[in-house]
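Asks: Sequence and predicted structure below; questions after.
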Amino acid sequence: MKDLLGDDRTAMVKASKLLCDDKSTTPTLLRFLDAETRVDNRHAILYALTWHSHLAQWDLMVGILKDVREAPLVRGQAAEYLAYNFPKVRTDSVEFKVAVDALLEALKDPSPEMRYCAVHALGNTGHPPLLPALREMLQDTTPAPGWVGTVSSQASESMEWLESMHEQRRKQGP
């Protein structure tokens with residue numbers, strides 16, 4: 001745990017990956033996140049929380065995503081949390097709508113990394129009405145630093161994923 005709050009990026013990443021599997025650390029990680037201001041440390045904490053998959057953090061993650069004072073790396077990790085947890089949230093819920101609205105707003109972000117992460121998360125919704133927004137992002141050929149490909153290539157992949165997720169949702173219900 002102490003490595004998450006240190007300055008050694010390698011140790012931070014290793015600790016974050018180890019904590020992904022230990023859901024009992026969620027309360028401690030949330031306390032760390034509340035007090036931590038450094039970007040890399042916040043990202044590492046959010047990474048571990050993402051894999052805990054607690055829907056209780058949904059509103060927190062949406063708030064971080066919407067907070068333009070947060071670094072794109074941190075906001076992108078919040079978008080990744082949403083991406084992995086969208087299958088657990090009903091498409092007709094308030095939580096779903098609020099998250100989707102925040103992601104649609106993030107498509108306009110000046111950071112290509114943020115747009116890339118938003119496109120990725122929207123693809124995980126399994127919600128066909130979002131296809132036009134993803135289709136528009138096919139025009140954005142900006143490379144996303146730290147990611148493989150461009151916003152456009154991720155939009156293309158996300159459109160395919162959205163359709164696949166929609167099939168799963170259709171079989172399981174809303």
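Replies: Received, thanks. Residues are numbered from 1 along each chain as shown.
Asks: what's near enough to touch Val13?
Replies: Contacts for Val13 were tallied using C-beta atoms under 8 Å, 6 or more residues apart in numbering; they are Ala44. From N, CA and C alone the C-beta is placed, and that goes for glycine too.
Asks: Now the stretch of helix or strand it belongs to: average pLDDT?
Replies: Using DSSP states H and E, Val13 falls within helix 9-19. Mean pLDDT, helix 9-19: 93.
Asks: Tell me, how many residues neighbour the residue lying closest to Trp58 once chain neighbours are set aside?
Replies: In space, Trp58 comes closest to Glu95 once its chain neighbours are excluded; the distance is 5.5 Å by C-beta to C-beta, 6 or more residues apart in numbering. Counted with other C-beta atoms under 10 Å, residues neighbouring Glu95 total 17.
Asks: List the buried residues in whichever strand or helix holds Arg170.
Replies: Using DSSP H and E, Arg170 sits in helix 151-172. Buried residues in helix 151-172, counted by 16 or more other C-beta atoms under 10 Å: 151-156, 158-159, 161-162, 165-166, 169.
Asks: Could you provide those residues in CSV, with additional columns for pLDDT and distance to Leu30?
Replies: Output for the buried residues of helix 151-172, formatted as CSV (pLDDT from 0 to 100; distance: C-beta to C-beta, whole Å):
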residue, pLDDT, distance to Leu30
Val151, 98, 31
Ser152, 98, 35
Ser153, 97, 34
Gln154, 97, 29
Ala155, 98, 32
Ser156, 97, 35
Ser158, 97, 29
Met159, 97, 34
Trp161, 95, 29
Leu162, 96, 30
Met165, 91, 28
His166, 92, 32
Arg169, 85, 29
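Asks: how near is the residue nearest to Pro143 when sequence neighbours are not counted to Leu65?
Replies: Among residues not flanking Pro143 along the chain, Thr150 sits closest, at 5.3 Å (C-beta to C-beta, 6+ apart). Look at Thr150 and Leu65: by C-beta to C-beta, to the nearest Å, they are 21 Å apart.
Asks: Which one of those two is surrounded by more residues?
Replies: Leu65 (27 against 19).
Asks: Quick check: the more buried one touching Leu104?
Replies: No - counting by C-beta atoms under 8 Å, Leu104 is not a contact partner of Leu65; they are 11.1 Å apart.
Asks: returning to that earlier point: quick one: which of the buried residues of helix 151-172 is nearest to Val100?
Replies: Leu162 (11.8 Å; C-beta to C-beta).
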